[in-house]
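S.K.: Show me the folded form of this:
(one chain, ligands or ions: 2)
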Amino acid sequence: MYKILRAEMLADKIYLMDVEAKRVAKSCQPGQFVIVKMDDAGERIPLTICDYDREAGTVTIVFQSVGESTYRMAELKAGDSFEDFTGPLGRPSEWLSEDIEELKKKKMLFVAGGVGTAPVYPQVKWLHEHGIDADVIIGAKTKDLIILEKEMEAVAGNLYVTTDDGSYKHHGMVTSVVEELAEAGNKYDLCVAIGPVIMMKFTCLLTKKLGIPTIVSMNPIMVDGTGMCGACRLTVGGEVKFACVDGPEFDGHLVDFDQAMKRQQMYKTEEGRALLRYQEGKTHHGGCGMCGGDK
Ligand code: NAD
Ligand code: FES
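M.R.: Ligands and ions are numbered 1, 2, ... in the order given. Sure thing, here's the model as predicted:
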């Protein structure tokens, strides 16, 4: 069992939990995810890691209650436990493998949309701890939905906060801040954009125009996180990939976002899943192909 040491509501329907998971905390890296399961009957929920403390043996997760499982998860309190807390899964952020001196020469921009602020945080924190201060944009619909602002402020070079309705700080979507920074003459070598799929799509359209290589995290299209359900199948540079096995991070300029969003909608119904299985045949799953892993 994996004990919850802290449970907090960050904003409406957005929750943070510190979970005692020594083995995961010891080896996880920014960009990776865990799969949590409340009990025997519970769904497997893949969540990107928001923070970790190797000494304390804890991992921090942030989630939004959107369906029955996450709604039930939100009711858990400090002292309760998860039956399963599997990880670290997926590949760490690719820039982690770069030579640190080369990385120090790069100017990096992180674009975080809503709950996507949580997986951006450990990346910016890692860079800060290695002497690199990146620029960060956090965007949310309204003031009350901005999360982790103070935490991000402590590790970012420059932090830009924006709200769609203008209720706090900058007025506009995250892309409007990217545009303003570019117009002001800022040059970036790499952008990491994490948030809703539609936000990552439009950020990538813009950064492509601006000539900034961009990484995105396709975590939102994952369902079981095992490579077996076929939910997170996507096309990257013309090749079939699975977010949970090959990602979750990919070159955003190569991702077919429209296809990913269409599949995400289709995957919600049994009829849609059946059609995808039929159309995609043995490439439907990321595991063993025609194993019927989603049945
Ligand atoms: P949201 O819809 O409130 O959007 C957050 C921000 O993204 C907005 O404030 C805006 O600045 C920007 N945005 C949204 N649509 C845009 C567009 N068309 N063009 C430019 N910018 C746009 O997001 P939310 O409700 O907080 O987030 C929920 C989504 O985030 C879920 O889909 C969830 O799966 C996803 N999420 C993604 C990750 C990841 O790893 N990519 C992690 C956690 C959550
Ligand atoms: Fe099921 Fe990736 S989430 S195959």
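S.K.: any idea of the pLDDT on the residue in the stretch 51-200 of the chain that ligand 2 sits nearest to?
M.R.: At 9.7 Å from ligand 2, Gly90 is the closest residue in the stretch 51-200 of the chain, using Cβ to the nearest ligand atom. Quick note: C-beta positions are derived from backbone N, CA and C, even for glycine. In this prediction, Gly90 carries a pLDDT score of 92.
S.K.: can I assume it is in contact with Pro30?
M.R.: No: using Cβ atoms under 8 Å, Gly90 is not in contact with Pro30, being 11.0 Å away.
S.K.: who touches the residue nearest to Lys187 when sequence neighbours are not counted in this structure?
M.R.: The shortest distance from Lys187 to any non-neighbouring residue, by Cβ to Cβ, 6 or more residues apart in numbering, is to Lys107 (6.4 Å). Neighbouring residues of Lys107 by Cβ atoms under 8 Å, 6 or more residues apart in numbering: 134-135, 186-190.
S.K.: Tell me the one of these nearest ligand 1?
M.R.: Set against ligand 1, the nearest of the contacts of Lys107 by Cβ to the nearest ligand atom is Asp135 (15.7 Å).
S.K.: I'd like to know how far that closest one sits from Tyr160.
M.R.: From Asp135 across to Tyr160, the span is 7 Å (Cβ to Cβ, to the nearest Å).
S.K.: Could you do Met17 as well?
M.R.: Distance, Met17 to Tyr160, by Cβ to Cβ: 28 Å.
S.K.: Over to Tyr2?
M.R.: As judged by Cβ to Cβ, Tyr2 and Tyr160 stand 35 Å apart.
S.K.: cool, Ala41 as well?
M.R.: Remark: distance between Ala41 and Tyr160 (Cβ to Cβ) = 43 Å.
S.K.: Quick check on the residue of the chain most remote from its centre: phi, psi?
M.R.: Distance to the chain centre peaks in the chain at Tyr278, reaching 29.3 Å (criterion: Cα atoms, centre = their mean). Torsion angles at Tyr278 (phi, psi; degrees, to the nearest 10) stand at phi -70, psi -50.
S.K.: Val59 - that's part of a helix, no?
M.R.: No: using DSSP: H, G, I helix; E, B strand; the rest coil, the secondary structure at Val59 is strand, not a helix.
S.K.: pretty sure it is touching Ser27, no?
M.R.: No: here Val59 does not reach Ser27: they are 10.6 Å apart, not a contact under Cβ under 8 Å.
S.K.: ok, those two, which is more surrounded?
M.R.: In terms of neighbours (other Cβ atoms under 10 Å), Val59 is the more surrounded of Val59 and Ser27; the figures are 29 against 12.
S.K.: Contacts only, for that one.
M.R.: Val59 sits next to 18-19, 21, 24-25, 28, 34, 49, 51-52, 85, 87 when contact means Cβ under 8 Å, 6+ apart.
S.K.: ok, now with 6 Å
M.R.: 19, 21, 24-25, 49, 52 (Cβ atoms under 6 Å, 6 or more residues apart in numbering).
S.K.: So which of the residues you listed sit within helices?
M.R.: Judged by DSSP state H, the contacts of Val59 include 24-25 as members of helices.
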